[in-house]
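*Asks:* Next comes the sequence, and after it the predicted model I'd like to discuss.
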Amino acid sequence: MLNLIWLKSLIMVIEQRSFQAAAEQLGLAQPTISQHIQKLEETLCVSLIHRVRSGCQPTEYALRLLPYAQSMLRLQDRALLAVNQPSMRIGASSNIGIYLLQPYLQNYRHKQAFINDKLDIVIDSNPVVAEKLENAEIDIALMEWWPGKAGFESQIWKTEALVLITPPDHPLAKLSSISKSILSGLNLLGGESGSGTGRILKNYLQECQHFPTVSMQLGSTEAVKQAVRAGIGISLVFASSVVDEVQHGSLCAIPLEDHALTKDIQLVWRQQSTIQQKQPQFVEYLLSS
């Protein structure tokens, strides 16, 4: 078993590059810090710290251990808060957290006088949100793609239409809709990775001979919108993410033929251990809204 106190000492030694400085930061004696590191090394059967003239240097093994040690200490903090200061941490992938969730959060805040949940919000990429959910760093997640895993429950919260966005002067901007044949031959700008759009496209275009190419991966819908406005390319995004731009005329949003290309927003939460409360209050609120 890895002792959290030992891990905390290791982290501090790496940060301070000194046993003495680490001891002062933690309010412990230097021999105690040395003992913690020694016990960790004995447990793992590896050397963790090199003493050199310039200070203490972590070994390769220590650097491998470091992110896990930090994660374990964060999890400890979450566990203590869950017992002593209950709160609900919500994770959302970027598109959902930025373009869809905010009005619901505001409405929920108005009901706080009658609801005990304290909410904290984390917005990140879909893979990071999924990882945080599995590591118990968040309690509820809203994601564009979720593979389904044991110990979690999920439901579709909303279904979002995808549209092709172009500059106003682009040839495709004149079309009322985009057919499969046109879509399959396009060169697109990519947005947030791990959001499942590629899987949806593959299923939607499975009968076509060609498949859209991705010329540039930009990492977020905001970056994609700016690139399209600058004339760098075109892309597929949530219809809800470009409402303002379409209204102001800086972008054109063209629906897919028969509005056939959509994405299900997954609401995911950890299974409750008690029968009395099957769903967290915030989950019930979102599903009923």
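*Replies:* Noted; the coordinates are in hand.

*Asks:* what's the burial count for Ile5?
*Replies:* 13 (other Cβ atoms under 10 Å). Heads up, the C-betas are built off the backbone N, CA and C, glycines and all.

*Asks:* From the contact counts, what lies against the helix or strand harbouring it?
*Replies:* Using DSSP states H and E, Ile5 falls within helix 4-16. Helix 4-16 makes packing contacts with helix 19-26, helix 30-44, strand 49-52, strand 55-58, helix 60-84 when contacts are defined by 3 or more Cβ pairs under 8 Å, 6 or more residues apart in numbering; DSSP states H and E.

*Asks:* What mean pLDDT does it get?
*Replies:* Averaging pLDDT along helix 4-16 gives 96.

*Asks:* Restricting to C-alpha, output it in CSV.
*Replies:* Coordinates of the C-alpha atoms in helix 4-16 are reproduced here as CSV (Å, rounded to 0.1, in the frame of the first residue of the first chain):
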residue,chain,number,x,y,z
LEU,A,4,-0.4,9.2,1.3
ILE,A,5,1.8,10.9,3.8
TRP,A,6,4.9,9.4,2.2
LEU,A,7,3.6,10.5,-1.2
LYS,A,8,3.0,14.0,0.0
SER,A,9,6.6,14.2,1.3
LEU,A,10,7.9,12.9,-2.1
ILE,A,11,5.9,15.6,-4.0
MET,A,12,7.3,18.3,-1.7
VAL,A,13,10.9,17.2,-2.0
ILE,A,14,10.5,17.2,-5.8
GLU,A,15,9.0,20.7,-5.7
GLN,A,16,11.5,22.2,-3.3
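
*Asks:* got the angle for it vs helix 19-26?
*Replies:* Direction vectors for helix 4-16 and helix 19-26, defined by axes from the mean of the first three to the mean of the last three Cα atoms, to 10 degrees, enclose an angle of 120 degrees.

*Asks:* highest average neighbour count across the helices and strands packed on helix 4-16?
*Replies:* A comparison of the helices and strands packed on helix 4-16 by mean neighbour count, using mean count of other Cβ atoms under 10 Å, puts helix 19-26 on top with a mean of 18.

*Asks:* now the helices and strands packed on helix 4-16 as CSV including distance to Ala227 and mean pLDDT?
*Replies:* As requested, these are arranged in CSV below (distance: least, Cβ to Cβ, whole Å; pLDDT from 0 to 100):
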stretch, distance to Ala227, mean pLDDT
helix 19-26, 45, 95
helix 30-44, 47, 95
strand 49-52, 46, 89
strand 55-58, 40, 90
helix 60-84, 32, 87
